[in-house]
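Novice: Give me a 3D structure for the following:
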Amino acid sequence: MGEFPKHTNAQIHIVEPGNEIDAYYNVNLHFLPRVGEHIELFSNLDLKSGHSHVHRLVVVSIEHNVHDISGDQTGHHLVSIFAKYAEG
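Specialist: Predicted structure coming up:
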């Protein structure tokens, strides 16, 4: 069995009512959150652009996009975390 990566590249997609994606953020994670867990996202990009930079979210679903490997090509694994704004 191989070693686990030190971090996972992921995208956090903020989902608004009607399931439209309002925004997404590229992040590196040491652990993947589970459905129902609360996360707090601090965005340096939003801070620099003058937007609200702290997002309190609840994880709705997690999607893994995986590509197979052929020949000398490396595989691909993108984790997408879908979250909605937490109430309160």
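Novice: gap between the most centrally placed residue in the chain and residue 44?
Specialist: Geometric centre of the chain, nearest residue: residue 12, 2.6 Å, by CA atoms, centre = their mean. Distance, residue 12 to residue 44, by CB to CB, to the nearest Å: 14 Å. Every residue, glycine included, has its C-beta placed from N, CA and C.
Novice: Distance of residue 26 relative to residue 84?
Specialist: 19 Å.
Novice: now do residue 22
Specialist: 9 Å.
Novice: Those two: which is more packed in?
Specialist: Taking residue 22 and residue 84 together and counting by other CB atoms under 10 Å, residue 84 has the greater number of neighbours (16 against 11).
Novice: Help me confirm that the more buried one comes into contact with residue 12.
Specialist: No. Assessed by CB atoms under 8 Å, residue 84 is found out of contact with residue 12, at 11.2 Å.
Novice: where do the contact lists of those two overlap?
Specialist: Residues touching both residue 84 and residue 12 by CB atoms under 8 Å, 6 or more residues apart in numbering: residue 57.
Novice: Please list the residues outside the strand of greatest length in the chain that contact it.
Specialist: Ranked by residue count, the top strand of the chain under DSSP state E comes out as strand 54-67. Applying CB under 8 Å, 6+ apart, the contact partners of strand 54-67 are 12, 14-15, 32-43, 75-86.
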